[in-house]
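In: Dropping the sequence and predicted coords here.
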Amino acid sequence: MRPIILKGNLVSLGVLLREDLKHVWVWYNDREVRRYLSYPEEVFFYEDELEWYEALRREKKHEKVFAIIENSSRSPVGLVGLHKIDHHNGRAELGYFLAREYWGHGYASEAVKLALDYAFEWLNLRKVYAHVFETNAPSIRVLEKNGFKLAGRWRKHQYVPGEGFVDVLLYEKFRG
């Protein structure tokens, strides 16, 4: 049984379970999923996921990572997280991804909305920010659909396999 933190129409945010790591490990090693994540060249061992999970448990004051659960199947389909939570300054960095087979169904948009609800209502943060590669149009749409505004750009900042160096776009959303 998985505790559900926030429920949406399509997906819910659930507590990340150790048993989810077998999925996360496969997703993290999918080259198409990795392409637009930090360190796209990385190859992950299952033990890396176990260590990451333990680090999350130890750092839960500054890191909140949720399993994105498809409501109809109750299956995990991705992750969404609030990282570098800074209670003093009232901000956190948003990160998310879905397994490839769940792209294009509105799941990321709703998961981000739920993560924002958690950030603003439960953590009492004032700002959530994210960075996205300029060539990742679907992720840009997810952020903009959720009210994020473009705040800046790092020129030719990140290498993306098959695309070369691309700009990194900085987005932010304030509560209210």
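Out: Great, that's in hand.

In: which residue ranges form the helices in this protein?
Out: Read by DSSP state H, the chain holds these helices, from start to end of the chain: 21-28, 31-34, 46-58, 107-117, 137-145.

In: Just say which of those helices is most tucked in.
Out: Of all these, helix 107-117 carries the top mean neighbour count, a mean of 22, counting by mean count of other Cβ atoms under 10 Å. In this view, the C-beta of every residue, glycine as well, is placed from N, C-alpha and C.

In: Can you name the residues that contact the residue most central in space within the chain?
Out: Closest residue to the average C-alpha location of the chain: Tyr96 at 1.5 Å, with Cα atoms, centre = their mean. With contact set as Cβ atoms under 8 Å, 6 or more residues apart in numbering, Tyr96 has these partners: 68, 78-81, 108, 111-112, 115, 142.

In: what's the closest of those residues to Arg18?
Out: Top of the list for closeness to Arg18, among these and by Cβ to Cβ, is Leu79 at 13.9 Å.

In: number of nearby residues for the nearest residue to the closest one once chain neighbours are set aside?
Out: Sequence neighbours aside, Val65 is the residue nearest to Leu79 in space, at 5.8 Å (criterion: Cβ to Cβ, 6 or more residues apart in numbering). The number of residues packed around Val65, counting by other Cβ atoms under 10 Å, is 21.

In: Can you give me the pLDDT of Val65?
Out: Confidence at Val65, expressed as pLDDT, is 98.

In: Tell me which of the helices of the chain lies nearest to Val160.
Out: Going by Cβ to Cβ, the one of those nearest Val160 is helix 31-34, 10.1 Å.

In: avg pLDDT for the closest one?
Out: Helix 31-34 comes out with an average pLDDT of 93.

In: what does it rub up against?
Out: Taking Cβ under 8 Å, 6+ apart as the criterion, the residues outside helix 31-34 that touch it are 27-28, 40-42, 97-100, 161.

In: dump the residue contacts of the closest residue to Leu13 other than its chain neighbours.
Out: The spatial neighbour of Leu13 that comes closest, neighbours along the chain excluded (Cβ to Cβ, 6+ apart), is Phe66 at 3.9 Å. In this structure, Phe66 makes contact with 5, 13-16, 79-81, 111, 115, 118, judged by Cβ under 8 Å, 6+ apart.

In: same deal with Leu37?
Out: When the contact criterion is Cβ under 8 Å, 6+ apart, the partners of Leu37 are 28, 97.

In: for Leu56, same thing?
Out: Leu56 sits next to 16, 63, 65 when contact means Cβ under 8 Å, 6+ apart.

In: okay, those residues in CSV with distance to Ala151 next?
Out: Listed next are the contacts of Leu56 as CSV, based on distance: Cβ to Cβ, whole Å:
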residue, distance to Ala151
Leu16, 29
Glu63, 22
Val65, 24
